[in-house]
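A.B. asks: the sequence isn't on hand, but the structure is:
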């Protein structure tokens, strides 16, 4: 029996403002700091970016988009929306001048589509989700050991798809697995359930949950567990290492409004600028995120997470915002095969290129979306 105690809703809090009007008598030309000279909605627009959970390193590009003023003068403002306990994460606040983007994995978006949200992918983001499974030191060592187990999955409903697929590939009956998600997705991920025996394993991402496992204070000694405090459960099938990462989605109906389409394209340019900034200077990127006051990590801990997030995005041979339709359809078939969805729509129903095409047409040439020379920086996760 599977149970889903999870995820999410829309609790909008204005934390990021990424636009301002051009000075009177001045002009704004397209550049890495402003593209409003040739692309702007006809009225003031707010773009709410819905995160999959509490702000963490994944929101770094959004924070840097605001700080870079990449859409200055365009009358576009960016809000960050975080999910709330017990509500639908894909519901939106209806108000004049607002449009929405959602950061979500393909499986999570597909689950939301089947519940009535007509989502389409408008841009890519991560090459891989960076998923891993961990158990306590005396717990499961292999996927086969998780037969009949309860697993806590960092993320929202649908994000467990690669976990269940990996278990199925190892011969584990998914029907006997209990999958839970954090009860309050607006709060930082808490792995306590792994260490108090509530769960046999936790599934975490590489840039947030994996760090929190190491930072967790041992329930007996009171000291951080460190890298040797859990057992990494190996996936011989490679399903976890190739799991599709977060993409950028929108409601199809929003794309029929010219102002909404323009505002979303401007936001993609700002995100692109933010992604490149976080790649090229992870230290400065983490400071921008820390100064925003929305994340609970700081210093080298946050820098470690930004560096780990970069590894899920760069290098990006096709461009960091490119939509990988092959990976998308593979994820859809995976979600179908384990029973998370009842149908896998054709790719033309899942993808809309209009926002991305408009953004790329106005992308400053100074923004590199491939990052061919990117390498991970050396940073230790501080454990106190």
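C.D. replies: Nice, I can see it. If you're wondering where the values come from, they're calculated on a predicted model, not measured in any experiment.
A.B. asks: residue ranges with poor pLDDT in this structure?
C.D. replies: The model of the chain has pLDDT under 70 over residues 1-37, 66-70, 72.
A.B. asks: how does it divide into domains?
C.D. replies: Here the domain parsing of the chain from automatic domain parsing is 11-127+244-361, 131-233.
A.B. asks: include mean neighbour count and distance to residue 379 when you put these into JSON lines, please.
C.D. replies: Bear in mind the C-beta positions are built from the backbone N, C-alpha and C, glycine included. Listed next are these as JSON lines, based on neighbours: other C-beta atoms under 10 Å; distance: least, C-beta to C-beta, whole Å:
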{"stretch": "domain 11-127+244-361", "mean neighbour count": "20", "distance to residue 379": "5"}
{"stretch": "domain 131-233", "mean neighbour count": "19", "distance to residue 379": "11"}
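A.B. asks: would you map the helices across the stretch 1-150 of the chain?
C.D. replies: Applying DSSP state H, counting those that start in this stretch to the stretch 1-150 of the chain gives helices spanning 60-68, 106-114.
A.B. asks: got those helices as a markdown table, with distance to residue 257 columns?
C.D. replies: Listed next are these as a markdown table, based on distance: least, C-beta to C-beta, whole Å:
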| stretch | distance to residue 257 |
| --- | --- |
| helix 60-68 | 22 |
| helix 106-114 | 20 |
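A.B. asks: closest one to residue 264 among those?
C.D. replies: Among these, helix 60-68 comes nearest to residue 264, with 12.8 Å by C-beta to C-beta.
A.B. asks: could I get the domains of the chain as TSV with distance to residue 375?
C.D. replies: Listed next are these as TSV, based on distance: least, C-beta to C-beta, whole Å:
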stretch	distance to residue 375
domain 11-127+244-361	9
domain 131-233	16
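A.B. asks: before we move on, back to that, which of the helices of the stretch 1-150 of the chain sits closest to residue 292?
C.D. replies: Of those, the one closest to residue 292 (C-beta to C-beta) turns out to be helix 60-68, at 5.2 Å.
A.B. asks: what about the longest helix that the chain contains, distance to the chain center?
C.D. replies: What stands out as the longest helix in the chain, according to DSSP state H, is helix 258-280. Its chain's average C-alpha position is 15 Å from that of helix 258-280, according to C-alpha atoms, centre = their mean, to the nearest Å.
A.B. asks: just the helices in the stretch 251-384 of the chain please.
C.D. replies: Along the stretch 251-384 of the chain, the stretches classed as helices by DSSP H, counting those that start in this stretch are 258-280, 282-291, 299-311, 325-337, 347-350, 354-361.
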